[in-house]
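# here is a sequence with its predicted model. Questions after.
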Amino acid sequence: MNELSNQVLAIAQSSPYPPSVGGQGLLYYTSLTSLWFMFMVAASMFGKIIKVSWMDRKYVKFNSAINVWRTVIGLLMFVAMIRCGPEILYLLSFGDVSSQITSYFLIFKRVMDTLAPLPFITAISMLVLADEQISYHLKHPAIRATFDMTHRKEKLKDLFYLLGGVALLSAIATAAKYSNFYHG
């Protein structure tokens, strides 16, 4: 074994946290919190885009600027979900399941890594192809007015509540993993 393999093995045997975070509880906690938060926000935005697009299906053409824009954003949210979801699953299960199950999770992560460029490239391609038309529609005199976003502060507050809830759940998962490893 080389030096790096020995270090990874030492971390795996002496810490409840994965070697990918260097066996550090704080890094595990911040990684889990940020990944979970991104996943939750992406999932809620993805769901909202699907719901609104479905409700507008009779009134808005499939290739309209708003549908292209929604599709681009939806695909990017989907990429975030398929990148963050498997990593969350791995981080939460590390050390608590058999090594065979862990290897399945790692394979699942790599499969999602392989698939993630497809919706990403599709979204970017759509944006490149439709950029001029979307810009034209946004510059149209009928909608050139600026947006008043001050009445949307409640939505921002909801986002911070979500972050707080996810941070609390991540802290519980981090503490439980520590407790099970050293006292279980």
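Yes, it's here. Quantities reported herein were computed from a predicted structural model and do not represent experimental measurements.
# can you map out the helices along this structure?
3-14, 25-55, 65-93, 99-115, 117-139, 153-183 (DSSP state H).
# looking at the ones you listed, which is buried most?
helix 65-93 (a mean of 19; mean count of other Cβ atoms under 10 Å). Placement of C-beta: from N, CA and C, glycine included.
# run a quick neighbour tally on the residue lying closest to Y28 once chain neighbours are set aside.
Nearest non-adjacent residue to Y28, counting by Cβ to Cβ, 6 or more residues apart in numbering: Y17, 4.2 Å away. Look at Y17: counted by other Cβ atoms under 10 Å, it has 25 neighbours.
# can you list phi and psi of Y17 for me?
phi -100, psi 150 (degrees, to the nearest 10).
# find the centremost residue of this structure, please.
F39 (3.2 Å; Cα atoms, centre = their mean).
# for E87, give its distance to L26.
Remark: distance between E87 and L26 (Cβ to Cβ, to the nearest Å) = 17 Å.
# so what touches stretch 134-143?
A65, V68, W69 (Cβ atoms under 8 Å, 6 or more residues apart in numbering).
# in terms of pLDDT, where does the closest residue to the last one other than its chain neighbours sit?
In other words, W69. Closest residue to W69 apart from its sequence neighbours, by Cβ to Cβ, 6+ apart: I134 at 6.0 Å. For I134, the pLDDT comes out at 79.
# measure I134 to K51 for me?
For I134, the distance to K51 - Cβ to Cβ - is 21 Å.
# now swap in R57 and tell me
From R57 to K51 the distance is 11 Å (Cβ to Cβ).
# quick check: neighbours shared by the two?
Contacts common to R57 and K51, judged by Cβ under 8 Å, 6+ apart, are absent.
# rewinding a little: out of the contacts of stretch 134-143, which one has the lowest pLDDT?
A65 (80).
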